[in-house]
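Undergrad: Structure, please.
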Amino acid sequence: MTESPTEEESSAEEAPPARPDELQFRASVILADTAQIDPLGKVGILGAGWHVTSGQPAPGGGLQIAAQTVVVIVEVPATRTAEHFPIVVEMVDQDGRLVTAVQPNGPDLPLRFEQMVRAEPTMFAPRAFHSMTRLVLNFAVGMILPTDGIYRWRATIDGSSNEAWSAGFAVIPLGGPVPPNASQGRFIGPN
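TA: Next up, the predicted model:
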């Protein structure tokens, strides 16, 4: 007499193999004027999608740029839901070097932020559905960057990176010409 499989064995046998894209993190990095995460986990974003800003000379050197917010939305594979993993968000220059913000009254600060996050299962969604986690970095008073040029905010998730997990922008001196490698876009003056 043959034993019939248990319910757990039966469901494991029926589950189709995971596609490679179902096992990968996916992320969006968005530049905005401001953003916040509400109690339900939704991100409210204002002034999203800019990629050119201007700065005025700051006392002590560098260019003071306007307030900005970096929003990172990460889709987490179902196999990684409820696990803790690190997200690193950093600003780099066009050569890929970490950028430091100029501090008039102290040492310059590297623009690198790391946080352990955890994505909770999505309520009422199928078990194989991606979960999400969000990270919002608000620079409400702007920052002083060393010089004009092209910069990029990039995300690294659990040690992996992808060129698509970044958002670039150009900084021009107030009233100055747009750098040749920058796309035309919305200009934002300092507050």
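Undergrad: List the residue ranges of the protein that fall below the pLDDT cut-off.
TA: 1-23, 125, 127-128, 176-191 (pLDDT under 70).
Undergrad: How about the residue nearest the centre of it: what's its closest non-neighbour residue?
TA: By C-alpha atoms, centre = their mean, the chain has its centre lying nearest to V72, at 3.0 Å. Closest residue to V72 apart from its sequence neighbours, by C-beta to C-beta, 6 or more residues apart in numbering: L135 at 4.4 Å. No exception for glycine: its C-beta is placed from N, CA and C like everyone else's.
Undergrad: returning to that earlier point: show the contacting residues for the residue nearest to the centre of the chain.
TA: Neighbour list for V72: 27-30, 87, 89, 134-137, 155, 165 [criterion: C-beta atoms under 8 Å, 6 or more residues apart in numbering].
Undergrad: What count of nearby residues applies to the closest residue to R26 other than its chain neighbours?
TA: Of all residues not flanking R26 in the chain, E75 sits nearest, at 4.2 Å (C-beta to C-beta, 6+ apart). Using other C-beta atoms under 10 Å, E75 has 15 neighbouring residues.
Undergrad: Show me what E75 is bridged to.
TA: Beta bridges link E75 to R26, M132 when assigned by DSSP bridges.
Undergrad: That one touches A27, doesn't it?
TA: Yes: counting by C-beta atoms under 8 Å, E75 touches A27, with 7.2 Å between them.
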